[in-house]
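Novice: heads up, no residue letters with this:
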């Protein structure tokens, strides 16, 4: 059994404005497979990404780097950077415990639907008890009600 590599898709982006600008990073996804597959998913996300800043973008440039992509969006007064990178996941303290593979379920026989009761005859429908209530309901055996 070959172990697959897990790649983290990391996005670092500029938040805030003026003197309060700072960079925040987060893992936005994980990809099991090759580095090339992870980079392909990262590129898809980078192309679709709409950063919070600037509010009124003037120019948008997406560049490829050795480990991912750089998105530079120019605003009216300054530029904002979003870095997209791929990195191999080595450890995750909050990862769920590995689950054993499920055992194959035995095939269950498909139950056949029971046949609908036969439609009552006019004589059965005409029978009434002492209170005048039909003994056999008129809906019995109607297939359009199933």
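Specialist: All right, it came through fine. Just so it is clear, the model here is predicted, and its values are computed rather than measured.

Novice: who does the helix ranked longest in the chain touch, helix- and strand-wise?
Specialist: Among the elements of the chain assigned as helix by DSSP state H, the one spanning the most residues is helix 35-48. The contact analysis (3 or more CB pairs under 8 Å, 6 or more residues apart in numbering; DSSP states H and E) places helix 35-48 against strand 6-15, strand 22-32, strand 59-65, strand 68-74, strand 79-88. For glycine as for every other residue, the C-beta is placed from the backbone atoms N, C-alpha and C.

Novice: now those as a markdown table including mean neighbour count?
Specialist: As requested, those are exported to a markdown table (neighbours: other CB atoms under 10 Å):
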| stretch | mean neighbour count |
| --- | --- |
| strand 6-15 | 19 |
| strand 22-32 | 12 |
| strand 59-65 | 11 |
| strand 68-74 | 18 |
| strand 79-88 | 18 |
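
Novice: out of those strands, flag the one nearest residue 124.
Specialist: Of all those, strand 22-32 sits nearest to residue 124, with 64.9 Å by CB to CB.

Novice: what helices or strands is the closest one leaning on?
Specialist: Identification of packing neighbours for strand 22-32 by 3+ CB pairs under 8 Å, 6+ apart yields strand 6-15, helix 35-48.

Novice: closest one to residue 96 among those?
Specialist: Nearest to residue 96, of all the helices and strands packed on strand 22-32, is strand 6-15, at 12.7 Å by CB to CB.

Novice: tell me the contacts of the residue nearest to the spatial centre of the chain?
Specialist: Compute the mean C-alpha point of the chain, and by CA atoms, centre = their mean the closest residue is residue 29, 11.8 Å away. Residues counted as contacts of residue 29 (CB atoms under 8 Å, 6 or more residues apart in numbering) are 8, 9, 41, 45.
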